[in-house]
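Engineer: sequence first, predicted model second:
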Amino acid sequence: AELERTFIAIKPDGVQRGLIAEVISRFERKGFKLVAIKIVVPSKDFAQKHYHDLKERPFFNGLCDFLSSGPVVAMVWEGEGVIRYGRKLIGATDPQKSEPGTIRGDLAVIVGRNIIHGSDGPETAKDEIALWFKPEELVKYTSNAEKWIYG
Ligand code: DAT
Ligand code: MG
């Protein structure tokens, strides 16, 4: 399998609502491989780094306050097409527009409390993984399921 990785985070609303297992389960059952995970409360400064692309947007400050308001479950998932398909599992940014069957479609109502973050492309995936994790926190292992998932 091709070694593609994406950064996925369960935001404070998802953690507080008890949706950690639900979110992980969707990525795990799909056949993606978890290679890093931790729970952290990011500082406001760290949240601003994570969302630096959005710093001109009117909601930037509130967004960064929210991300740093409680524990976040930060993860790296690996698999063929995981960046793009991870975004499909997550659904549209605004849960009012997310399809049923997606994480945001099934589990969230408003854009400011949409449970989960996922990298939007190869460049942001690389940058976000490097921001949240040290290289040695990414675990290299062979999953026994791989030969059944990829043939
Ligand atoms: P996504 O999280 O789907 O990649 P994004 O990168 O455009 O979406 O925005 C990051 C987060 O900012 C998003 O998950 C929720 C918040 N956000 C986006 N647009 C918003 C808006 N119009 N009002 C309030 N919050 C918004
Ligand atoms: Mg984004």
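Structural biologist: Nice, I can see it. Ligands and ions are numbered 1, 2, ... in the order given.

Engineer: show me which residues of the lowest-mean-pLDDT helix or strand in the chain are buried.
Structural biologist: Ranking every helix and strand in the chain by mean pLDDT, DSSP states H and E puts helix 146-150 at the bottom, with a mean of 95. By neighbour count on 16 or more other CB atoms under 10 Å, the buried set for helix 146-150 is empty. Using the backbone N, CA and C atoms, a C-beta is placed for each residue, glycine as well.

Engineer: can I get it as CSV, trimmed to CA atoms?
Structural biologist: Provided in CSV are the C-alpha atoms of helix 146-150 (Å, rounded to 0.1, in the frame of the first residue of the first chain):
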residue,chain,number,x,y,z
GLU,A,146,-3.4,-5.0,5.1
LYS,A,147,-3.2,-8.0,2.8
TRP,A,148,-7.0,-8.4,3.0
ILE,A,149,-7.6,-4.7,2.5
TYR,A,150,-5.2,-4.2,-0.4
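
Engineer: chain center to that helix: distance?
Structural biologist: Computed by CA atoms, centre = their mean, to the nearest Å, the chain-centroid distance of helix 146-150 equals 23 Å.

Engineer: what do you get for stretch 81-94?
Structural biologist: Distance, centroid of stretch 81-94 to centroid of chain: 9 Å (CA atoms, centre = their mean).

Engineer: quick one, strands of the protein?
Structural biologist: Ranges of strands within the chain are 5-10, 33-40, 72-78, 116-118, based on DSSP state E.

Engineer: cheers, nothing more for now.
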